[in-house]
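Visitor: A structural model of the following input is requested.
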Amino acid sequence: MKRRTFLCTVLVIVMAMAGVFPVFGTGKDEGAKFINLYSSGSDNVRIVWEAVIAAFHKTNPGFTVKQQYVASGTGGQTSELKLIAAWQAKQKEIDVDIAADWGENEVARVQKEASLDALFKLDPKKIPNWANVAARSVIAPDRTMAFRGTLHAWIKAYPGKFAYNDPGTGGAGSSFVITTIYNLMPVEALASADEKWMAQWDAGLAVLKDLHPFLYKASGKVQYTV
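Guide: Here you go, the predicted model:
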């Protein structure tokens, strides 16, 4: 099996439950030029999105993007859970326009518990730079877009420059570990709850062990961020 070493976080656009997707937004009173962007993960991710949104506002006057941030580990309802609940309830509107910081496990959960039809199908003709993005989602390549990622080769080439948070706290750390493990397994394993797949975790865990010495260190010990 060919090893994929690009670990990506994807961004998805949520389709209105009625099946008709406005340019932005879901038909709420805010109007077509109001965008609710849901993000989650560590606080540094929130800060990054604030900068991206500020830059977008400068070049796109008339649009308003509001970040709805759900910090990891707070118990708040994440965007994929809101989408799944809305789909199952046959709700026609939802306040999530763009869902950021999803990994393949969130996409797989939506596929399993709702439908990929809940996500807007992207048009490459309207996103010309999409052709320059190296990574694609395995589960929904036409409905998600990679916007940040990590290369294992880069970590080794620049020892001490990379760190990730404790996977138990969720966010980027959890995504990093899960993606590393499941990249070396069959695609169907990601969307399956069958415990048989646990027997194949060892290969991915070995990759994480191999990367461990190259992670950020303080006082001579590898540090996992908060």
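
Visitor: continuing past the top helix by length along the chain, what's the next helix or strand?
Guide: The longest helix of the chain (DSSP state H) is helix 43-59. As assigned by DSSP states H and E, the chain's next helix or strand after helix 43-59 is strand 64-71.

Visitor: Now do the contacts for the nearest residue to R46 once chain neighbours are set aside.
Guide: In space, R46 comes closest to Y69 once its chain neighbours are excluded; the distance is 4.8 Å by C-beta to C-beta, 6 or more residues apart in numbering. (Each C-beta comes from the backbone N, C-alpha and C, glycine too.) By C-beta atoms under 8 Å, 6 or more residues apart in numbering, Y69 lies in contact with Y38, S39, S40, R46, W49.

Visitor: Is Y69 bridged to anything, and to what?
Guide: Beta-bridge pairing for Y69 (DSSP bridges): S39.

Visitor: The residue nearest to the spatial centre of the chain pairs with what?
Guide: Central residue of the chain (C-alpha atoms, centre = their mean): W102, 1.9 Å from the mean position. Bridge pairing for W102 (DSSP bridges) gives the partners V10.

Visitor: still on that earlier bit, buried sites along the longest helix of the chain?
Guide: Under the neighbour-count criterion of 16 or more other C-beta atoms under 10 Å, helix 43-59 has V45, R46, V48, W49, V52, I53 buried.

Visitor: Tell me how far it lies from the chain's centre.
Guide: In terms of C-alpha atoms, centre = their mean, to the nearest Å, the centre of helix 43-59 is found 16 Å from the chain centre.

Visitor: Please, where are all the strands along the protein?
Guide: 6-13, 34-41, 64-71, 98-102, 144-151, 217-218, 221-222 (DSSP state E).

Visitor: Next, the angle from the fourth one to strand 64-71.
Guide: Orientation note: strand 98-102 sits at an angle of 30 degrees relative to strand 64-71 (axes from the mean of the first three to the mean of the last three C-alpha atoms, to 10 degrees).
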